[in-house]
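**Student:** Build the 3D model from these lines:
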Amino acid sequence: MGRILTERDIEAAVKGGSVYAAGGGGWADHGRMLGRAALAAGTVELVSVDELDPDAIVATAAAIGAPAGTTKWEMRPEDYVKAARLLQEAVGQPLAGFMVGQNGRSSTLNGWLPAASLGARVVDAVGDIRAHPTGDMGSIGLAGSPEETIQTAVGGNRAENRYIELVVRGATAKVSPILRTASDMSGGFIASARAPVKASYVKENAALGGISLALALGEAIIAAEPQGGAAVVDAICRKTGGSIVASGEITAFDVRYTNEAFDIGTVRVGSGASARILHVMNEYMAVDDADGHRLATFPDVVTSLSPEGEPLSVGQLRVGMPVLVLHVPKSIIPLGAGVLDPSVYPPVEKAMGIAIARYALEGRR
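**Tutor:** Below you'll find the predicted structure:
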């Protein structure tokens, strides 16, 4: 049976999603706004993919852009609904459910409002447990497919006349960069509905249970908060199965926004032999030690936490700030087909100038 999501679930989704945001994944207040709007719009029901007809159509609700706070973006709740309606019109049949491409401080809730508004359900599946920089990584194996798909995007800074509505058709790898460009033109962050597929495809290719995982983590954080920061950090490590791989002050910060709507650069934690280098492309994609040896690589979860246990986005970081770095290895989280697709890595490696694929795909098909 499905689970009816409530006001309490909003905060759990935001807090759990904030850890899996891996330094990106949207905005906590944006997530709360989406959750409240969804509950006001109708019933929000979370269901497993097995509760849908195998031939029912499921779409991915997403936000595209660089959420580190470096741009003047504007995205309203109605933009998510309009994107979903445009996609449903283009598909020509009702959308039965909405999944999300990734967890995040707002992206865990991306499917709630479209589902409530269109009479659909939130599917307990994600393209990727953690947040990632490109849509292809959460595209559940569609990135390399020659088959035509449909993607929509809606939103933009109204005061600067940047509002955009877009419907594109084509192979995923060809149309995804168009939406990324639209995001930049709109102000850096835009709502999207995309990749309509059968529920049977979701079952085979998504990271199943990803929303429940974020909710359970959020509930553990909420329960630990009265005991203080150390208890919250312990709860996060215990619930995720992760560990703290670095702690100390931020000693260098070099992250810049690009016109492809990415925040790219590095953050150094600590100094001397104990320093750790966090490689950023919207989110944390890798961690190296002071000698350049790799300690963690996407799709591992890498998250910066304050000493109080608050997940910090890249955009919140400042030199001199004390942080802890959480690492959850990919071996203990569900992985969607998108992060196991070799074709998604070359653009990321080129943009970052580091190796990702050989680590990410190690030991995998």
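**Student:** Okay, and the closest residue to Trp112 other than its chain neighbours sits in which element?
**Tutor:** Leaving aside its sequence neighbours, Trp112 sits nearest to Ala38 (CB to CB, 6 or more residues apart in numbering; 3.6 Å). Yep, even glycine has a C-beta here, placed from its N, CA and C like the rest. Under the criterion of DSSP states H and E, Ala38 resides in helix 28-41.
**Student:** what does Lys82 give?
**Tutor:** Counting by DSSP H and E, the element that carries Lys82 is helix 77-91.
**Student:** Can you tell me the number of residues neighbouring Arg162?
**Tutor:** 19 (other CB atoms under 10 Å).
**Student:** If you could redo that for Pro329, that was the one I meant.
**Tutor:** 14.
**Student:** my guess is it meets Pro299, correct?
**Tutor:** No - here Pro329 lies out of contact with Pro299, judged by CB atoms under 8 Å, at a distance of 9.5 Å.
**Student:** Strands of the stretch 201-350 of the chain, start to end?
**Tutor:** 207-208, 243-257, 263-269, 276-281, 283-289, 294-297, 301-305, 311-312, 322-328 (DSSP state E, counting those that start in this stretch).
**Student:** So which residues of the chain form helices?
**Tutor:** Shown for the chain, the helices assigned by DSSP state H span residues 7-20, 28-41, 77-91, 112-118, 172-186, 199-205, 210-224, 229-240, 346-352, 357-360.
**Student:** Same list (those) but as a markdown table, adding mean neighbour count.
**Tutor:** As requested, the helices of the chain are exported to a markdown table (neighbours: other CB atoms under 10 Å):
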| stretch | mean neighbour count |
| --- | --- |
| helix 7-20 | 24 |
| helix 28-41 | 20 |
| helix 77-91 | 21 |
| helix 112-118 | 26 |
| helix 172-186 | 21 |
| helix 199-205 | 19 |
| helix 210-224 | 21 |
| helix 229-240 | 18 |
| helix 346-352 | 15 |
| helix 357-360 | 18 |
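**Student:** between those helices, which gets the lowest average pLDDT?
**Tutor:** Sorting the helices of the chain by mean pLDDT places helix 172-186 lowest, at a mean of 89.
**Student:** pLDDT wise, what is Ala206 at?
**Tutor:** Listed pLDDT for Ala206 reads 98.
**Student:** For the nearest residue to it once chain neighbours are set aside, report the pLDDT, please.
**Tutor:** Distance criterion CB to CB, 6+ apart; nearest residue to Ala206, sequence neighbours excluded, is Ala125 at 3.9 Å. Ala125 carries a pLDDT score of 98 in this model.
**Student:** can you count the residues close to Ala125?
**Tutor:** 29.
**Student:** Verify the stated contact: it with Val202.
**Tutor:** Yes - judged on CB under 8 Å, Ala125 makes contact with Val202 at a distance of 5.5 Å.
**Student:** coming back round to it: may I see the helices of the chain organised as CSV, with distance to Leu312 added?
**Tutor:** Listed next are the helices of the chain as CSV, based on distance: least, CB to CB, whole Å:
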stretch, distance to Leu312
helix 7-20, 9
helix 28-41, 11
helix 77-91, 25
helix 112-118, 24
helix 172-186, 23
helix 199-205, 31
helix 210-224, 14
helix 229-240, 13
helix 346-352, 20
helix 357-360, 24
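**Student:** between those, which one is nearest to Thr303?
**Tutor:** helix 7-20 (5.4 Å; CB to CB).
**Student:** then the closest one to PDB, C-alphas only?
**Tutor:** Output in PDB follows, covering the C-alpha atoms of helix 7-20 (Å, rounded to 0.1, in the frame of the first residue of the first chain):
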ATOM      1  CA  GLU A   7       3.600  18.000   6.800                       C
ATOM      2  CA  ARG A   8       6.100  16.100   9.000                       C
ATOM      3  CA  ASP A   9       7.400  14.300   5.900                       C
ATOM      4  CA  ILE A  10       8.300  17.600   4.300                       C
ATOM      5  CA  GLU A  11      11.000  18.300   6.900                       C
ATOM      6  CA  ALA A  12      12.300  14.700   6.800                       C
ATOM      7  CA  ALA A  13      12.600  14.900   3.100                       C
ATOM      8  CA  VAL A  14      14.400  18.200   3.200                       C
ATOM      9  CA  LYS A  15      16.800  17.000   6.000                       C
ATOM     10  CA  GLY A  16      17.500  13.600   4.500                       C
ATOM     11  CA  GLY A  17      17.700  15.000   1.000                       C
ATOM     12  CA  SER A  18      20.200  17.600   2.200                       C
ATOM     13  CA  VAL A  19      22.700  14.900   3.100                       C
ATOM     14  CA  TYR A  20      22.300  13.100  -0.200                       C
END
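**Student:** chain center to that helix: distance?
**Tutor:** Put simply, helix 7-20 sits 13 Å off its chain's centre (CA atoms, centre = their mean, to the nearest Å).
**Student:** between that helix and strand 322-328, how many degrees?
**Tutor:** 90 degrees (axes from the mean of the first three to the mean of the last three CA atoms, to 10 degrees).
**Student:** Just want the angle from helix 7-20 to helix 210-224.
**Tutor:** Using the same axes, to 10 degrees, the inter-axis angle of helix 7-20 relative to helix 210-224 is 100 degrees.
**Student:** which residues are contacting helix 7-20?
**Tutor:** Contacts to helix 7-20, defined as CB atoms under 8 Å, 6 or more residues apart in numbering, come from residues 5, 25, 28, 31-32, 35-36, 39, 102-109, 129-131, 211, 213-222, 236, 240, 301, 303, 305, 310-311, 326.
**Student:** Repeat that for stretch 228-241.
**Tutor:** 19, 216-217, 220-221, 223-225, 242-244, 301, 305-310, 324, 326, 328-329, 332.
**Student:** This structure - how does it break down into domains?
**Tutor:** Listed by automatic domain parsing, the domain ranges of the chain are 3-211, 229-360.
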